[in-house]
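Participant: Kindly generate the corresponding structure for this input.
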Amino acid sequence: MKQMLRNVLATALLLGGATGALAGNDGQMRVGQLLGSDEQYRQAWQKAIKGEERLPEWVINLSGSSNEQMSAVTEDGDKYMVGPLCESETNCKYKRLIVAFSWDKDDAYAMLVEVPEGLPSDKSPTRHADYRWLGKPDEGMQQLLKEQLKRDPNWY
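Facilitator: Prediction:
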C-alpha cells in the first residue's frame with residue numbers, strides 16, 4: 001500500500017510540473033517576439049512605420065521590453081492581436097508602445113506614448129503624455145489602442 005501511494009504521489013508531482021510548464025508557454029506571443037517569428041509580421045510593421053521620421057530604434061525593431069502577452073480583440077468586426085511594448089522594463093511609465101496586428105498579419109498599427117521623465121507622482125501621466133500614431137489608424141483603432149493603455153493600473 002505504501003509503494004502504491006508513493007507511485008501515485010510521484011505521478012501527481014510529475015504531472016503537476018508538466019502542467020506548470022505548459023501554463024507558462026500557452027502559445028501566445030509578446031510584441032518583442034513578433035518580428036522574429038514571422039515574415040508577415042515584419043512586412044506589416046515595415047509598412048506601418050514607412051515614412052516615419054525619428055523613431056527610436058526600440059520602436060523600429062520592436063525590441064523593447066514586453067512582459068505581457070498579446071491578446072485577441074475585435075474592432076469593427078475585425079480581429080487583432082494587441083499588446084504593449086516598453087522601451088525598457090524600468091522606463092515603461094515614460095516610453096511605451098501599444099501595438100495591434102490584424103489577424104491576417106496584413107496591417108499593423110501602434111500608439112507611441114511618451115511622458116516627460118521625472119514627472120512628479122502626483123501628476124497624471126494621461127494629461128502630460130504625447131501620443132504618436134503609426135500605421136495611420138482610423139478613429140476606431142485609435143480608441144482600441146487607448147483602451148489597451150487604460151488597462152494598465154499605473155495609468156491614470
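
Participant: got the phi/psi numbers for residue 77?
Facilitator: Main-chain torsions, residue 77, degrees, to the nearest 10: phi 80, psi -10.

Participant: what do you get for residue 38?
Facilitator: phi -160, psi 130.

Participant: wait, isn't it in contact with residue 105?
Facilitator: Yes. With contact defined as Cβ atoms under 8 Å, residue 38 counts as touching residue 105 (6.7 Å). (Glycine included, C-beta is placed from N, CA and C.)

Participant: Looking at those two, which is more packed in?
Facilitator: A side-by-side neighbour count of residue 38 and residue 105, using other Cβ atoms under 10 Å, places residue 105 first with 17 against 14.

Participant: how about the strands of the chain, start to end?
Facilitator: Secondary structure of the chain (DSSP state E): strands at 71-75, 78-86, 95-102, 108-114, 130-134.

Participant: Pull up the pairing partners for the first one, direction included.
Facilitator: Right, strand 71-75. strand 78-86 (antiparallel) (DSSP bridges).

Participant: Would you map the helices across this structure?
Facilitator: Secondary structure of the chain (DSSP state H): helices at 2-24, 34-37, 39-49, 57-60, 125-128, 139-150.

Participant: Sketch out the low-pLDDT regions of the protein for me.
Facilitator: 1-27 (pLDDT under 70).

Participant: and residue 128, how many neighbours does it have?
Facilitator: Neighbour number of residue 128 under other Cβ under 10 Å is 12.

Participant: try residue 117
Facilitator: 9.

Participant: these two touch, right, it and residue 94?
Facilitator: Yes. Shown here, residue 117 and residue 94 form a contact pair, counting by Cβ under 8 Å, at 4.9 Å.
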